[in-house]
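[1] Model the following, please.
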Amino acid sequence: MPIDPQALNAALTEHVRPETFPVAVRLAPPGEALPPKTKRPARDLNVQVTICQGVAYSRRYGWVMAVGADDLSCPLAAAVFGFKPMLDYMATGHACYQMYTQTLEAGAATEAAVEKLPHRAFEHVLSAPLQRAAFEPDVVIVYGNAAQVMRLTIAALWRDGGRLASSFSGRIDCSDEILVPLRSGKPEVILPCYGDRVFAQTQDHEMAFSFPFGWAERIAEGLAGTHQGGVRYPIPAYLRYTGQFPAHYEKMNELWAAGEDSLIRGQ
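    Alright, predicted model coming up:
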């Protein structure tokens, strides 16, 4: 029987211990009913948000969120996720030029490398803490420190070995987290982008790891198998050694060894 979101969450909690909730994400097609108690940022919070903010509400607050066209503040995500048509202005590099790239041509190359969806391919980016997901996720996103992301990488390689291949630009990481693993069918190590840090409050020590939900059983199996093999988090420190002390501390051992009891205080 395939693993469900709650069982996957239990495996991640036991073996990875992330500081924030693992997040289930689904690209909800037009007309799909949203789960009960789903929050819409514009309607319920009176704000517009980035997609990474929607994920942050789920991972930090434990809320079920649905970000649609009316909820979205980020023009780049609006174009990349197909909420609005892609513009030549962006495709030809103007949104990159002199902020991320030296030339328009370099900006166009950066934009061309971003995974994108067709216009109006779906209606909402639905996110929820994994343990509360009342839907089948498309992808799962886990934020953590470098050691926790390493732990997940090792788990992903348990069954078949090899290496994971990920790519980074420091920009539009919502595409890296959601669209790239959906298209590749493989896990992705995520370097959070500038906007994720500014708008979603992602901290300097955080990275992320994203994988298609179809990998859930493999990830859980890999976490358990590598744990049994001795790969653990928190990383166990090696403690079986004798420490060294300053010479004026060690003088006490010399005095004890010499039997100079007269130097012991009180004698």
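
[2] Now do the contacts for the residue most central in space within the chain.
    Taking C-alpha atoms, centre = their mean, the centroid of the chain lies closest to Ala208, which sits 2.3 Å from it. The contact partners of Ala208, taken as C-beta atoms under 8 Å, 6 or more residues apart in numbering, are Ile141, Val142, Tyr143, Gly144, Val149, Asp173, Glu177, Val189, Ile190, Pro192. C-beta coordinates here come from the backbone N, C-alpha and C atoms, glycine included.

[3] For Ser127, which non-adjacent residue is closest in space?
    Ser58 (4.3 Å; C-beta to C-beta, 6 or more residues apart in numbering).

[4] For Arg171, pull up the helix or strand it's in.
    Using DSSP states H and E, Arg171 maps to neither a helix nor a strand.

[5] And it, how far from Cys193?
    Computed with C-beta to C-beta, to the nearest Å, the distance linking Arg171 and Cys193 is 5 Å.

[6] Centre of the chain to the strand or helix carrying the residue nearest to the centre of the chain, how far?
    Assigned by DSSP H and E, Ala208 falls within strand 207-212. Mean-position distance between strand 207-212 and its chain equals 5 Å (C-alpha atoms, centre = their mean, to the nearest Å).

[7] helix or strand right after it?
    Downstream of strand 207-212 (by DSSP H and E), the next one is helix 216-228.

[8] Mind checking the pLDDT average for whichever helix or strand comes after that following helix?
    Sequence-wise, the next helix or strand downstream of helix 216-228 (DSSP H and E) is helix 247-258. Confidence for helix 247-258, expressed as mean pLDDT, is 93.

[9] How many residues are close by Gly222?
    Neighbour count of Gly222, defined by other C-beta atoms under 10 Å: 24.

[10] Check Ser167 too.
    Neighbours of Ser167 (other C-beta under 10 Å): 10.

[11] Checking my notes, it in a helix, right?
    No - under DSSP: H, G, I helix; E, B strand; the rest coil, Ser167 sits outside any helix and is assigned coil.

[12] got the contact list for Ala7?
    The contact partners of Ala7, taken as C-beta under 8 Å, 6+ apart, are Ala220.

[13] For it, what is the enclosing helix or strand?
    helix 5-15.

[14] With Tyr89 instead?
    Counting by DSSP H and E, Tyr89 is found in helix 88-91.

[15] Same question for Ile141.
    Counting by DSSP H and E, Ile141 is part of strand 139-144.

[16] For the next helix or strand after that strand, name the packing helices and strands.
    Using DSSP H and E, the helix or strand that follows strand 139-144 in sequence is helix 146-156. Packing partners of helix 146-156 (3 or more C-beta pairs under 8 Å, 6 or more residues apart in numbering; DSSP states H and E): strand 139-144, strand 207-212, helix 216-228.
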